[in-house]
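Colleague: 3D model of this:
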Amino acid sequence: MALMTTSSRPRTTMRRVAALLSLVVSATYLVVFLQLLRTFGELPDDPTPAFEFLAGVYLVGAIVTLVFDNRGLQWLGAAVQVALLAGYVGITVLKEQEFARRFLVQGVLISVAQVALLAVLVALALGRGMEDAGSA
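Modeller: Predicted structure coming up:
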C-alpha cells in the first residue's frame, strides 16, 4: 500500500479538479445535446452528433485525468482545450450566431469551465510548485 506523500497531494487534488471540470463540460454538452434532440430532430445539418461526441470526449478526459498522471496527456488535454475554444469562437462569430444566442448560458458555462480546465492542465503539465510522488 503506497502512502501519499505531501508532494503528491497537490497533483492529486489538481487532477481531481481537472476531472471535475471535465465532467461539468461533459454534462453541459449532454444537456445541450438533449435540448437539440427535441428541437432539431433529423435535419440535414443536425448538430446533435457533435455535442454527443464532445460530451463523450470530456467524459473520457475526466477518466484519463484521474487514472493517469502523465504530463504528455496533460499537454494534449490543454491543446484540445485551445482548439475547442478557438473552434467555438470561430463557429459562433462566423456562422452560428443565432445558435450562440439561444444557448448563451450553456456556452458561457462551457467556455468558463474550459478556460479553468486549460489553466489546471497547463499547471499540471508544467508541474509548478508540485513534485511527482516518487521524486521527493
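
Colleague: who touches residue 24 in this structure?
Modeller: Listed by C-beta atoms under 8 Å, 6 or more residues apart in numbering, the contact partners of residue 24 are 109, 113. Bear in mind the C-beta positions are built from the backbone N, C-alpha and C, glycine included.

Colleague: SS state for it?
Modeller: The three-state label given to residue 24 by DSSP: H, G, I helix; E, B strand; the rest coil is helix.

Colleague: Let me see the mean pLDDT of stretch 70-86.
Modeller: Taken as a whole, stretch 70-86 has a mean pLDDT of 92.

Colleague: which outside residues touch that stretch?
Modeller: With C-beta under 8 Å, 6+ apart, stretch 70-86 has contacts from 18, 54, 57, 61, 64-65, 111, 114-115, 117-118, 121-122, 124-125, 127.

Colleague: farthest-separated two in the residues you listed?
Modeller: Farthest-apart pair in these is 54 and 127; separation 28.1 Å (C-beta to C-beta).

Colleague: So between those two, which is more surrounded?
Modeller: Between residue 54 and residue 127, counted using other C-beta atoms under 10 Å, residue 54 has the larger neighbour count: 20 against 14.

Colleague: Nearest residue to the middle of the chain?
Modeller: residue 22 (4.0 Å; C-alpha atoms, centre = their mean).

Colleague: excluding its backbone neighbours, what's nearest that residue?
Modeller: Spatial nearest neighbour of residue 22, chain neighbours left out: residue 62 (3.7 Å); criterion: C-beta to C-beta, 6 or more residues apart in numbering.

Colleague: Which of the residues in the host helix or strand of the one you found are classified as buried?
Modeller: Per DSSP states H and E, residue 62 falls inside helix 48-67. Buried residues in helix 48-67, counted by 16 or more other C-beta atoms under 10 Å: 48, 51-52, 54-55, 57-59, 61-62, 64-65.

Colleague: So what's the gap between it and the chain middle?
Modeller: Chain-centre distance of helix 48-67: 8 Å, with C-alpha atoms, centre = their mean, to the nearest Å.
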